[in-house]
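> no sequence on hand, only this structure:
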């Protein structure tokens, strides 16, 4: 399952622990804290992991260098190293919460469930070397209790999540999934061109597909229509102009791609429950 933009949005990360562990003959261990999100990068060696998901499902997994494991909260793990090729593991333990934004931009937070990342992924060559370097830097740069280190390390974790997301998209494209590649290209075009007076029929022609086929792509990968996605894009940009600028309604409508002020107000009220002027005034109370 690939990580979507909606999953990546508004994540707040707290780093509990980062450890680079060089194991020895006869080493075994268990996942001590099952309430957090954990990443295990296998930098060297071989071993055996036993996974228990808490629902009666158990799995024995042979691990080796170049593997990355992601464990959501609730999964138990028993680890054992190979006697001849001991494991070197970089462990990253995180709490992840997600901000939930309400119509007046007042957010509440809730613990994030499982991220849509594969439980195990395998890396080789330059990509494995790059990932090994990322995890080594996380370990080397993390100094618990130091604000500067905390900020820099969190930034590296966000970049890591984005890297894994982008890698998943590349794998999907390289596997010959033309539909996924086409969908991403159209979605990127909408994200860059939301301020223009777009006609979806023209956009479909530009990508040499029918408008019906374009809608099918969006329903398959985005679970909404291209029109709905475009409306949400424009709405988010409009909300930020209402919040952070004193632009008039007509100007916001023009810069966000609405046909006119009337259509802007109608669309905004449908998505947010209030007309844009009233919504802006409510933030000033």
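Yep, that arrived. Computed from a predicted model, the values in this text were never measured in an experiment. Numbers count the residues shown, from 1 in each chain.
> would you mind splitting the protein into its domains for me?
Listed by automatic domain parsing, the domain ranges of the chain are 5-174, 179-283.
> hey, least reliable of those domains by pLDDT?
Of all those, the minimum mean pLDDT falls on domain 5-174 (a mean of 86).
> so how far is it off the chain centroid?
Put simply, domain 5-174 sits 13 Å off its chain's centre (C-alpha atoms, centre = their mean, to the nearest Å).
> oh, and call the first residue 343 from now on, that's how I've got it
Sure, I'll start numbering at 343, so the last one becomes domain 347-516.
> format the domains of the chain as TSV; extra columns: mean neighbour count.
C-betas here are computed from N, CA, C, even on glycine. Converted to TSV, these look like this (neighbours: other C-beta atoms under 10 Å):
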stretch	mean neighbour count
domain 347-516	15
domain 521-625	16
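> in a helix, residue 469, correct?
Yes. Under DSSP: H, G, I helix; E, B strand; the rest coil, residue 469 falls within a helix.
> quick one: residue 562 and residue 555 touch, right?
No. If you go by C-beta atoms under 8 Å, residue 562 and residue 555 don't touch, sitting 10.5 Å apart.
> what ranges does this protein have for its helices?
Ranges of helices within the chain are 347-350, 467-483, 489-516, 520-535, 542-548, 553-563, 568-586, 591-597, 603-614, 618-625, based on DSSP state H.
> so the longest strand along the chain versus helix 489-516, what angle?
Longest strand in the chain by number of residues (criterion: DSSP state E): strand 430-443. Calculated by axes from the mean of the first three to the mean of the last three C-alpha atoms, to 10 degrees, strand 430-443 forms an angle of 90 degrees with helix 489-516.
> show me what residue 356 is bridged to.
Beta bridges link residue 356 to residue 437 when assigned by DSSP bridges.
> can you pull the contacts of it?
436-439 (C-beta atoms under 8 Å, 6 or more residues apart in numbering).
> what do you get for residue 437?
Each residue near residue 437 by C-beta under 8 Å, 6+ apart is listed here: 355-356, 358, 378-379, 453.
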